[in-house]
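J.: coords please:
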Amino acid sequence: MEENELLVIRRQKLQQLIDKKVDPFGGSFEVSGSISEIRDAFAEGQPVHAAGRITAHRNMGKSQFLDLSDISGRIQIFVNLKECSPDDAEIFQLLDLGDFLGVEGECFLTKTGEPTIRVARFQVLTKTLRPLPDKWHGVSDVEVRYRQRYLDLIANPESRRIFLQRSRVAREIREFLHQRGFIEVETPMMQTIAGGAAAQPFQTYHNTLGINLFLRIAPELYLKRLLVGGFPKVFEMNRNFRNEGISRRHNPEFTMLEVYWAYADFHQMAELVEELICYLAETVIGTWNSETDDPSATSVASSPLRRSNSRN
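T.: Numbers count the residues shown, from 1 in each chain. The predicted model follows:
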């Protein structure tokens, strides 16, 4: 079926939900935790509330099995249409892959040992009007992947893993520097002088002040002013902008980390950076060996380089 035909059908279902006084784009729903947390704490007979996107549907007549997914994982839910009211059964028939659903029920194991939620009540949280990307191939068009990143995150588990890993790297960088007495600051992104690096800036105009300003190409100059003001250890991890070419190695808008440490020399800063990289490898990845997931691989903690820096 063509996508335009699917859109027409889904819009018809949307209107049917509205006619049945079901809000297709609103309402709160309290959950017991993320789907991975629910799976980790799974116990037969335990009551739970879960919410997620419908990513699979196995229709077995009155017995309906669906997968609910979020960024942490998936869990199977079971709906017995014979136990539903006529109105709920009609509403259930208006659901599609991609819709967000909240469910309340009890945990049980199927005959095959699959952790499942037996649904006693469900709530439509969001009606999806466009079909999901292809289940098996995901988003294969590179242009679509980068311009519509949300589709890539829905369809490609590896993209979600990298996204979450990047978030953890940023969090651990902050934790590492905070533990060593560095203060995180935020400096102006609009600056009167495009300094701190050699790059072409974006320009803008401030209507109230009547002056030209530049989106910063680096936070360096303002961070150094904080050193002058008496802050001995500062850092900023934030956005910079450079009005230059676009490639796989360069983006006009990017995140930069800059760290300044008064009274320290080059060698101390080099050791700090080395220790930071070691800390991130150990904490986030668990090994320096990026080519294996084997837990027996040489870890950062046991490496000669790590031991040489243990005094820091």
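J.: can I assume residue 281 is in contact with residue 275?
T.: No: contact criterion C-beta atoms under 8 Å: residue 281 and residue 275 do not qualify, at 10.8 Å. All C-beta atoms are positioned from the backbone trio N, CA, C, and that covers glycine.
J.: all helices for the stretch 101-250 of the chain, in order.
T.: For the stretch 101-250 of the chain, applying DSSP state H, counting those that start in this stretch gives helices covering 142-147, 149-155, 157-179, 220-228.
J.: mind exporting the second one as PDB, just the C-alpha atoms?
T.: Coordinates of the C-alpha atoms in helix 149-155 are reproduced here as PDB (Å, rounded to 0.1, in the frame of the first residue of the first chain):
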ATOM      1  CA  ARG A 149      17.500  11.900  12.900                       C
ATOM      2  CA  TYR A 150      14.400  11.000  14.800                       C
ATOM      3  CA  LEU A 151      13.600   8.400  12.200                       C
ATOM      4  CA  ASP A 152      17.100   7.000  12.500                       C
ATOM      5  CA  LEU A 153      16.700   6.700  16.300                       C
ATOM      6  CA  ILE A 154      13.300   4.900  15.900                       C
ATOM      7  CA  ALA A 155      14.600   2.300  13.400                       C
END
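J.: ok, residue 198 - how many residues close by?
T.: Neighbourhood size, residue 198 [other C-beta atoms under 10 Å]: 9.
J.: mind checking how far it is from residue 187?
T.: 19 Å (C-beta to C-beta, to the nearest Å).
J.: As a check, name the ranges of all strands in the stretch 51-200 of the chain.
T.: Ranges of strands in the stretch 51-200 of the chain, per DSSP state E, counting those that start in this stretch, are 63-70, 73-80, 100-109, 115-126, 183-184, 190-191.
J.: want to throw the ones you listed into TSV with mean neighbour count?
T.: Conversion of the strands of the stretch 51-200 of the chain to TSV gives the following (neighbours: other C-beta atoms under 10 Å):
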stretch	mean neighbour count
strand 63-70	19
strand 73-80	18
strand 100-109	19
strand 115-126	18
strand 183-184	13
strand 190-191	16
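J.: Those strands: which one's closest to residue 23?
T.: For residue 23, the closest of the strands of the stretch 51-200 of the chain is strand 115-126, at 7.7 Å, according to C-beta to C-beta.
J.: And the closest one, how far out from the chain middle?
T.: Centroid displacement of strand 115-126 relative to its chain, using C-alpha atoms, centre = their mean, to the nearest Å, is 24 Å.
J.: Would you mind pulling the contact partners of it?
T.: Strand 115-126 has contacts (C-beta atoms under 8 Å, 6 or more residues apart in numbering) with 17, 22-25, 27, 29, 39, 42, 48, 50-51, 65, 75-80, 88, 91-92, 95, 99-110.
J.: pLDDT below threshold where in the chain?
T.: Counting by pLDDT under 70, the chain contains low-confidence ranges at 1, 134-140, 289-312.
J.: Let's see that with 90 instead.
T.: Across the chain, the ranges flagged by pLDDT under 90 are 1-6, 26-27, 61-62, 130-160, 245-250, 286-312.
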